[in-house]
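Engineer: 3D, please:
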Amino acid sequence: MKQFVDIHTVLSTPDDMDDYHDDAISASEKLNIILHMVYDQADDDIDTAYLEALLEKTWEYWHKDRYLIDIEVDDLLDWVDHLFSEGLDEVES
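Structural biologist: Numbering: from 1, shown residues only. As a prediction, the model looks like this:
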């Protein structure tokens, strides 16, 4: 159940991104956009543990990506679409 997952507990701050990005503020904002995309695209009746795992894997996949701030939002949306079509295996590979 999506409503039982508090998206605010997984959002990043610039401090989270400072070790990996020169512009930690922009990187944090972009990561938060992706996390919101995952949350927003999830069905309302999604298994809570599965949604939490998707958000965690999204965080792990993107927070160190040095090109994060350069990626267009449309490309991120495509990644999220692919994530939901492939499941957790997409971000684990």
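
Engineer: contacts and neighbour counts: CA atoms only from here.
Structural biologist: Will do.

Engineer: For residue 4, which residues are in contact?
Structural biologist: Listed by CA atoms under 8 Å, 6 or more residues apart in numbering, the contact set of residue 4 reads residue 48.

Engineer: and the longest helix for this structure?
Structural biologist: Identified as the longest helix of the chain according to DSSP state H is helix 24-41.

Engineer: So for it, mean pLDDT?
Structural biologist: The pLDDT scores in helix 24-41 average 97.

Engineer: just the angle between whichever helix or strand comes after that helix and helix 24-41, please?
Structural biologist: Following helix 24-41 in sequence order, the next helix or strand is helix 48-62 (DSSP states H and E). Using axes from the mean of the first three to the mean of the last three CA atoms, to 10 degrees, the inter-axis angle of helix 48-62 relative to helix 24-41 is 150 degrees.

Engineer: returning to that earlier point: run through who's touching the longest helix of the chain.
Structural biologist: Contacts of helix 24-41 with the rest of the structure, by CA under 8 Å, 6+ apart, involve 2, 7, 10-18, 21, 51, 54-55, 58-59, 62-63, 68-69, 76-77, 80.

Engineer: Only whichever of those residues are buried, select them in ChimeraX.
Structural biologist: Remark: buried members of these, expressed as a ChimeraX selection using 16 or more other CA atoms under 10 Å:
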select :2,7,11,12,13,16,17,21,51,54,55,58,59,62,63,68,69,76,77,80
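
Engineer: And the longest helix of the chain, how far out from the chain middle?
Structural biologist: 6 Å (CA atoms, centre = their mean, to the nearest Å).
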